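Asks: Structure here, sequence nowhere to be found:
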Ligand code: ADP
Ligand code: GLC
């Protein structure tokens, strides 16, 4: 099968969160299964042209307001046969940011930046003489791919190409004033006709959901949650209407990168058969962050975007959050790596200054993320909602027991501790409140101090979980076949 992924993020070239990881590892798994897989990504300014090779002549992309000129560049994907193409269009992507210079402020021309990316996918395929069977869009930035498939490209050489849209996060929909609509290169009849209209505004994701042959989410539980008013971010009605073509397929993790037996970022390797390397990683983590070096005190790690989705108010909120109470009443150490909302970055710095057993690093640091996963004993992930979540899976295979809110992909990957049987792979709470986070952290620490054998057994079980992509990639192939048959029937 010929499959084109279109995405605003692809690891290792451009990543702000799990989206980049998910796209590149799914693409790689599909290519290993024998499919012809290609990816289109913008050439952001921080992706140096020196490392890339130009492939084609000029691409021309027309909207009602602009005429863009672009080039396609390519390079080898690490450890993968996937062909990656970079859309080089200086006025749109020649900046040092994916969505904005900081998470607080997005670029004002994002509607043009990302609709042109989706539109250019067709021009790129034409210039390569390669028409895919599937175009796979990811989140709102590329959700116009299925819209173009059903409008401007309906009766072209793409008439048999099916559109699949994966929702990695329904919390971001790409909602803009209707004044931007002409930038999308579609006639006004499609403002309502293709499902863009959302309370008078343009909603990118909504139009993608209306148009795609099939829609996926990144875990089965999240597929159910988004069809309820609580999890639907205003689109639950539409998602219920499309429920026949909506499935949840759990993400995998890239086991070439996240594997405690081979991880190049960590100072000692280990497996469930020999955990001595984990103790060495814990000692290295304590040393690097300046935490008191002590193998007996449990270390709780966090690696996260510091945004509301991740439950940061319940943990770090100044008067509301439970971190102070955790630090003042439980004998633990806490290691946090994150960046995002300014108030939370400041709170983390303040805790670090005030409590010797708390160390926070503000910033984005791949190596430290690996060291925290390996060196911590527990991993706190109290997300308000979590479409899949990769960090809890990394934690499980690193034998670092997750403490999580029972939601989305967290509910699908973690098995709650059963203290009678001494079984499970982590610790869960049902409602996200500061008290619930505190109580569950307390429960996990109680098990550490009183049931260490249970913790050791849970670690072994956690590390034996198979989260590799091969299984999920099979499910995508079946879904693609279904999407192609739906397209043919249209
Ligand atoms: P989301 O995509 O919603 O942020 P995921 O759990 O799916 O959540 O993926 C987060 C990814 O981003 C993981 O690979 C995680 O290690 C990484 N990550 C998040 N914040 C940081 C950071 N400050 N430094 C390094 N890696 C980070
Ligand atoms: C999004 C979600 C996260 C998911 C990731 C990859 O960023 O927030 O839960 O793991 O996409 O699909």
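Replies: Structure's in. What do you need? Predicted model only: the values in this text are computed from it and were never measured. Ligands and ions are numbered 1, 2, ... in the order given.
Asks: Next, residue 474: secondary structure please.
Replies: Three-state call for residue 474 (DSSP: H, G, I helix; E, B strand; the rest coil): helix.
Asks: give me every residue that touches it.
Replies: By Cβ atoms under 8 Å, 6 or more residues apart in numbering, the contact list for residue 474 reads residue 33. C-betas here are computed from N, CA, C, even on glycine.
Asks: Wait, residue 19 touches residue 138, no?
Replies: Yes: at 6.3 Å, residue 19 and residue 138 qualify as touching, with contact defined as Cβ atoms under 8 Å.
Asks: Now list whatever residues contact both of those two.
Replies: Residues touching both residue 19 and residue 138 by Cβ under 8 Å, 6+ apart: 7, 8, 168.
Asks: Could you chop the chain up by domain?
Replies: Per automatic domain parsing, the domain ranges recorded for the chain read 2-252+469-489, 276-463.
Asks: for the record, mean pLDDT for the longest one?
Replies: Rounded to a whole number, the mean pLDDT of domain 2-252+469-489 is 96.
Asks: how about that domain, does it reach ligand 2?
Replies: Yes: Domain 2-252+469-489 is in contact with ligand 2 by Cβ under 6 Å from any ligand atom, via 17, 18, 19, 22, 168, 169, 218, 251.
Asks: Narrow the residues you listed to those in helices?
Replies: The members of the residues of domain 2-252+469-489 next to ligand 2 that map onto helices under DSSP state H are 18, 19, 22.
Asks: Enumerate the residues of the stretch 301-450 of the chain near ligand 2.
Replies: Residues of the stretch 301-450 of the chain found near ligand 2 (Cβ under 6 Å from any ligand atom) are 386, 387, 388, 389, 390, 409.
Asks: Please report the distance of residue 42 from residue 132.
Replies: To residue 132, residue 42 is 19 Å away according to Cβ to Cβ, to the nearest Å.
Asks: Neighbour count: these two, which is higher?
Replies: For residue 42 versus residue 132, neighbours defined as other Cβ atoms under 10 Å are more numerous around residue 42 (28 against 21).
Asks: Verify the stated contact: residue 66 with residue 184.
Replies: No: with contact defined as Cβ under 8 Å, residue 66 does not count as touching residue 184 (11.2 Å).
Asks: who's in contact with the helix or strand harbouring residue 222?
Replies: Secondary structure from DSSP states H and E places residue 222 in helix 220-225. With contact meaning Cβ under 8 Å, 6+ apart, helix 220-225 is reached by 216-217, 231, 246-250, 385-388, 407-409, 411-412.
Asks: Swap in 6 Å and give it another go.
Replies: Helix 220-225 is contacted from outside by 217, 231, 246, 248, 387, 408, 411, 412, using Cβ atoms under 6 Å, 6 or more residues apart in numbering.
Asks: residue contacts, the residue in the stretch 101-250 of the chain positioned nearest to ligand 2?
Replies: In the stretch 101-250 of the chain, no residue comes nearer to ligand 2 than residue 168, which is 3.3 Å away by Cβ to the nearest ligand atom. Counting by Cβ under 6 Å, 6+ apart, residue 168 makes contact with 19, 139, 218, 387.
Asks: circling back to that earlier point, next structured bit after the helix holding residue 222?
Replies: Next in sequence after helix 220-225, counting helices and strands by DSSP H and E, comes helix 236-241.
Asks: If you count neighbours, what's buried in that following helix?
Replies: Across helix 236-241, burial judged by 16 or more other Cβ atoms under 10 Å covers 236, 238, 239.
Asks: I'd like those residues as CSV, with distance to residue 58 appended.
Replies: Below are the buried residues of helix 236-241 laid out as CSV (distance: Cβ to Cβ, whole Å):
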residue, distance to residue 58
236, 43
238, 38
239, 40
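Asks: Quick one: end-to-end length of stretch 77-84, please.
Replies: 7 Å (Cα to Cα, to the nearest Å).
Asks: please renumber so the chain begins at 19
Replies: Done: numbering now begins at 19, and the last item shifts to stretch 95-102.
Asks: Mind listing residues that contact it?
Replies: Residues external to stretch 95-102 that are found in contact with it (Cβ under 6 Å, 6+ apart): 45, 46, 49, 55, 56, 57, 274.
Asks: For that stretch, what is the distance to the chain centroid?
Replies: Centre-to-centre, stretch 95-102 and its host chain are 20 Å apart (Cα atoms, centre = their mean, to the nearest Å).
Asks: pLDDT of stretch 397-406, averaged?
Replies: 98.
Asks: Could you say which helix or strand holds residue 210?
Replies: If you go by DSSP H and E, residue 210 is part of helix 207-211.
Asks: Can you point out the buried residues in that helix?
Replies: Those buried within helix 207-211 under the rule 16+ other Cβ under 10 Å are 208, 209.
Asks: Kindly report the same for stretch 170-190.
Replies: For stretch 170-190, a neighbour-count test (16+ other Cβ under 10 Å) marks 170-171, 176, 179-188, 190 as buried.
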